[in-house]
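Trainee: What would the 3D arrangement of this be:
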Amino acid sequence: MSGLRRIAAPFVAAAPAGARVRTRLRVSAQDEAVLRAVGSHLGSLAGRDLAARCAEGRLDARGQAASRAARKRALTAECSSRWAGAITRTSEDQYRLAVQNLAAERASLQARTRRVEARLAVPAGGRSGKTRGYASAAERHAKDIRRRALRARLARAERRLAAGAVPVTRGGRALLRQRANLAAAGLTEAEWRARWEAARLFLTADGEAAKRWGNETIRVHPDEGWLEVKLPAPLADLANRPHGRYRLSCPVAFTYRGDEVAAQAATGAIRYDVTCDPASGRWYLDGSWKAAAAPAPLLDQLRRNPVVAVDVNVSHLAVAVIAADGNVLGTPATVPLDLAGLPATTRDGRLRAAVGGLIATARRHGARAVVIEDLDFAEARSEGRERRGTVPPGAGRGRAFRRAVTGIPTGKFRDRLVQMTSNAGLHVIVADPAYTSRWGAQHWLAPLRDHHPKATGHHAAALVTGRRGLGHRARRRATGNQPAPEEAARPAQARPRTKPAARPAPRKPATPRGPRQPPGTKTSRPHRTTAGNQAAQDRPGPPATQDHVLHARLGTVPSTTRTR
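Mentor: Down below sits the predicted model:
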């Protein structure tokens, strides 16, 4: 159809390239003091190394290798070679991530500037093609000032990228900004200081292949259940084990996927991170490793089974199970997913619970894949509030649209879904979201409500998404389901008819052929009366009326008596 954009083909999402599990460390007071001492010492070295790396600016591959080798030699004297390697690697990763974030900010500023300039080129209250000007002269003047501010920010970002001088804050810039207004953050100075120090601790050991228990810096024995830390040289007097090591007094075990952690620690490299949650005072140990790359299955293999189609919305998920022929199985469901204004840990927990429900639904119906839309909102997120007006009468629509875009957990949900489905042996099919809501409401909403009165347009959109992932078109077939493969191979004349039987037409009165009779003149139907008791006779004779007629013709007198 003309005017419709091209719909991309669905594809199978790649499985995660690594795994990460967490367990709690129930440390004693002495263990906590040692961990804080080691983390603070290494954290100060990491901050100094990060500042040196940011001062060097942009480097090529050879320059990065030379810079890291020089900084690692300088740090080795104050910790160890392995601690220094982990610190320099972390600094490189933070610098690279800061450059990517600054490049994304530049792209967003360019998109916002183009949007404002395009609307400023149209007079206030006017329209040029699809571009609408601002509603009033006052709004247009405010947007002109906004354009100048965006240009200034864009020029500053371009200068930083050209020089390679990117700002990086160890501990997080958001936490640093809370220090200026503790009342708005709901924290006291002591609470903020505890969070700041916990965020700047450095207790990370990179995995080393062919090493005992994964690495030589932080070692965990999966069978005996202990954890040892290699102490830096200035803190060697705190060791309680030979060779400058400290073993925690608490038992350490991974209750979730512990067998995989033990196998990885015995045969390959594994990385360990020790972190502290200042709000609860708990310590955690994270183990992560690279997973072996497994080839993704073909779409044709996944399409032989039902799929679970999901339509992601602001506060809920619309779920529908679609059979291989494109029809709905069971009843469409709605999974609540309200994440607005919640902490990050709570949001992640609710995402996990929602994905767990999808996995249970897939197993119950024998599905091998979950179909989701390839939602990104890249253009809307880059343009921000410049996409729609912010001054009445366009303020309500613009704010509602931005709230809807930011409220849909597209990235987090997609990542969590791919990770959890991969662990459960399922796969994720990504489909193009174009026209799913429109065509779902047009072709499927009414039939869905015939069988499921509580179905909504979101369930219809999920149904179209699932059909697209299975390779079907969005429109319903007029002849019902697709024929079986053995029937599709037969000639069209030999196939059985699959067209549903037509409903009987409503009965209409026959058209009179002649002039209608006046009311009340139609002859009534005869009514039969019940005869009385009759005497039985051996030889039934003719009726009495016939006897009188016969005697009249013969000239005789009929008899009034009859012998038995």
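
Trainee: how much space between the residue nearest the centre of the chain and Val116?
Mentor: Central residue of the chain (C-alpha atoms, centre = their mean): Phe413, 4.0 Å from the mean position. As judged by C-beta to C-beta, to the nearest Å, Phe413 and Val116 stand 31 Å apart. In this view, the C-beta of every residue, glycine as well, is placed from N, C-alpha and C.

Trainee: do the same with Ile218
Mentor: Distance from Ile218 to Val116, by C-beta to C-beta: 51 Å.

Trainee: same thing with Ala461?
Mentor: 32 Å.

Trainee: ok, these two, which is more surrounded?
Mentor: Neighbour count, other C-beta atoms under 10 Å: between Ala461 and Val116, Ala461 has more, with 29 against 20.

Trainee: Identify the single longest helix in this protein, thanks.
Mentor: When the chain is scanned for its longest helix (criterion: DSSP state H), the result is helix 81-120.

Trainee: who does that one touch, helix- and strand-wise?
Mentor: Judged by 3 or more C-beta pairs under 8 Å, 6 or more residues apart in numbering; DSSP states H and E, helix 81-120 is in contact with helix 29-56, helix 61-76, strand 131-132, helix 137-163, strand 204-205, helix 378-383.

Trainee: go again using 6 Å as the cut-off
Mentor: helix 29-56, helix 61-76, helix 137-163, helix 378-383 (3 or more C-beta pairs under 6 Å, 6 or more residues apart in numbering; DSSP states H and E).

Trainee: Helix 137-163 and that one, what's the angle between them?
Mentor: For helix 81-120 against helix 137-163, the angle by axes from the mean of the first three to the mean of the last three C-alpha atoms, to 10 degrees is 150 degrees.

Trainee: now helix 81-120: how far from the chain's centre is it?
Mentor: Relative to its chain's centre, helix 81-120 lies at 25 Å (C-alpha atoms, centre = their mean, to the nearest Å).

Trainee: and the next element down the chain from that helix?
Mentor: strand 127-128 (DSSP states H and E).

Trainee: pLDDT of that next one, averaged?
Mentor: The average of the pLDDT scores along strand 127-128 is 86.

Trainee: Starting from that strand, tell me which strands it pairs with and how they run.
Mentor: If you go by DSSP bridges, strand 127-128 pairs up with strand 131-132 (antiparallel).

Trainee: now the strand it pairs with: how far from the chain's centre is it?
Mentor: The answer for strand 131-132 is 33 Å, by C-alpha atoms, centre = their mean.

Trainee: Can you name the residues in contact with it?
Mentor: Residues outside strand 131-132 that contact it (C-beta atoms under 6 Å, 6 or more residues apart in numbering) are Ala118, Val122.

Trainee: any chance you could map the helices in the stretch 301-450 of the chain?
Mentor: 344-364, 378-383, 395-407, 410-423, 436-443, 445-451 (DSSP state H, counting those that start in this stretch).

Trainee: Can you add distance to Thr204 and mean pLDDT and give those helices back as CSV?
Mentor: CSV is the format used below for these (distance: least, C-beta to C-beta, whole Å; pLDDT from 0 to 100):
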stretch, distance to Thr204, mean pLDDT
helix 344-364, 20, 89
helix 378-383, 31, 54
helix 395-407, 32, 54
helix 410-423, 21, 84
helix 436-443, 43, 90
helix 445-451, 51, 89
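
Trainee: So for Leu59, which of these sits nearest?
Mentor: helix 378-383 (28.4 Å; C-beta to C-beta).

Trainee: Enumerate every residue touching Arg257.
Mentor: Contacts for Arg257 were tallied using C-beta under 6 Å, 6+ apart; they are Val21.

Trainee: So what touches stretch 11-25?
Mentor: Contacts with stretch 11-25, where a contact means C-beta under 6 Å, 6+ apart, come from 254, 256-257, 283-288, 290-291, 294, 296, 418-419, 422, 427-430.

Trainee: From the residues you listed, list just the buried residues.
Mentor: Buried members of the contacts of stretch 11-25, counted by 16 or more other C-beta atoms under 10 Å: Phe254, Trp283, Leu285, Gly287, Ser288, Val418, Gln419, Ser422, His427, Val428, Ile429, Val430.

Trainee: Helix, strand, or coil at the third one?
Mentor: Here Leu285 takes the strand state, with states given by DSSP: H, G, I helix; E, B strand; the rest coil.

Trainee: Could you give the bridge partners of it?
Mentor: The partner residues for Leu285, given DSSP bridges, come to Thr23, Val274.

Trainee: Let me know the pLDDT of Gln94.
Mentor: Value listed for Gln94 in the pLDDT field: 94.

Trainee: got any ranges where the protein has weak pLDDT?
Mentor: Counting by pLDDT under 70, the chain has low-confidence residues at 1-3, 376-410, 477-564.
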